[in-house]
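> Take a look and give me a structure for this.
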Amino acid sequence: MKHKLIIALAATIAVVAFTFSVKAIGDDDTTASSAPTATQLAGTTRVLLTTTFGDIEIALYNETPQHRDNFVKLVNNGTYNGVLFHRVIKDFMVQTGDPDSKNATADALLGAGGPGYDLPAEIVFPKFFHKRGALAAAREGDETNPEHRSSGSQFYIVTGKRFSEYQLEKMQERILNREKSKIFDELAAKRKADIEMLQAMGDERALKGLESMIAAEAEKIYNETHKDAKPATFTPEQVAAYTTIGGAPHLDGAYTVFGEVVSGMDVVDKIQNVATGNANRPVDDVRIISAKVITAAQ
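Okay, here's the model as predicted:
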């Protein structure tokens, strides 16, 4: 794997391709997410979101209790009544939950609002992943939020797209290479003074030698990190979901998935297909008109 030292001086490579920032930033199955079994969702809290385009019923996982309970609290106190779907990206996701969006003007940049607190990550991976219909918490990016803490109110529903097994294999390779690149960039940043000196001298041979040395050290660190366990790979459940109903696998393990759509994906698809403008905000407002708990956790 080739590295560029000059890139390392600027900043480390971002680990996640798409960040669900709370600072402004498909397939043919339209009726369900991944057809969960009754046993898997037995005893879960169910919430009904009535939107501009119809109803969406979601189940909240008991394995993510802080996110579940917080979501229920916000539903019951009316936080979600009237909020916009302020960020919509076709074949990826629809995002909502910003309280500031309720009375926002057409030119307002949204995505920074919340209840005044965030939540600790509850990433139950690989059991819960970003399949089509997954419900997950938005959050600040890795650079300012290394603990992957969740927004107190903003969330997104995955629409995603289908992938072939070959595409998933290549994605897995990129994920592994990204981890190595991050290690390389961290090491290179520590040698910034040496790199800048060699660049000023125009000593390309020495620069290439230093690059090779850092790359070898990065490879050593990577191998030591994984000596007792192989790097994570897509599970059979992930492969089955991503090759049939689709999703957003590049987000797995980095955001808290705390529920899923059990009915109303046709409504979610209508939302993801609306025309959007600045910052991926729908040109015509799309709202959660009301939200209510219809079944409590057992």
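> Ala241 versus Ile89, what's the distance?
20 Å (Cβ to Cβ, to the nearest Å). Glycine gets a C-beta too; all of them are placed from N, C-alpha and C.
> Comparing the two, which shows the higher neighbour count?
Counted by other Cβ atoms under 10 Å, Ile89 and Ala241 do not tie: Ala241 has more neighbours, with 26 against 15.
> On the pLDDT front, check the residue nearest to the more buried one when sequence neighbours are not counted for me.
Closest residue to Ala241 apart from its sequence neighbours, by Cβ to Cβ, 6 or more residues apart in numbering: Lys131 at 4.1 Å. Lys131 is assigned 97 on the pLDDT scale.
> which residues touch Lys131?
Going by Cβ atoms under 8 Å, 6 or more residues apart in numbering, Lys131 touches 33-34, 158, 160, 238, 241-242, 245-247, 260.
> Which strand residues bridge it?
Assessed by DSSP bridges, Lys131 has beta-bridge partners Gly247.
> Look up how far Val158 lies from it.
Distance from Lys131 to Val158, by Cβ to Cβ: 7 Å.
> Give the residues shared as contacts by these two.
Overlap between the contact sets of Lys131 and Val158, as judged by Cβ under 8 Å, 6+ apart, is given by Gly247.
> Give me the subset of the contacts of Lys131 lying in strands.
Judged by DSSP state E, the contacts of Lys131 include 158, 260 as members of strands.
> Just the closest of the contacts of Lys131 to Leu60, please.
Using Cβ to Cβ, Glu260 is the member of those that sits closest to Leu60, with 8.9 Å.
> The residue nearest to Ala241 and Glu260: what is the separation?
Using Cβ to Cβ, we find Lys131 at a distance of 8 Å from Glu260.
> Chain neighbours aside, what residue packs nearest to the residue nearest in space to the middle of the chain?
With distances taken as Cα atoms, centre = their mean, Leu251 lies nearest the centre of the chain, 4.3 Å away. Nearest non-adjacent residue to Leu251, counting by Cβ to Cβ, 6+ apart: His130, 4.7 Å away.
> I figured the one you found hits Tyr156, correct?
No - using Cβ atoms under 8 Å, His130 makes no contact with Tyr156, being 9.6 Å away.
> Would you enumerate the residues in contact with the residue nearest to Leu251?
136, 158, 160, 247-249, 251-252, 255, 257.
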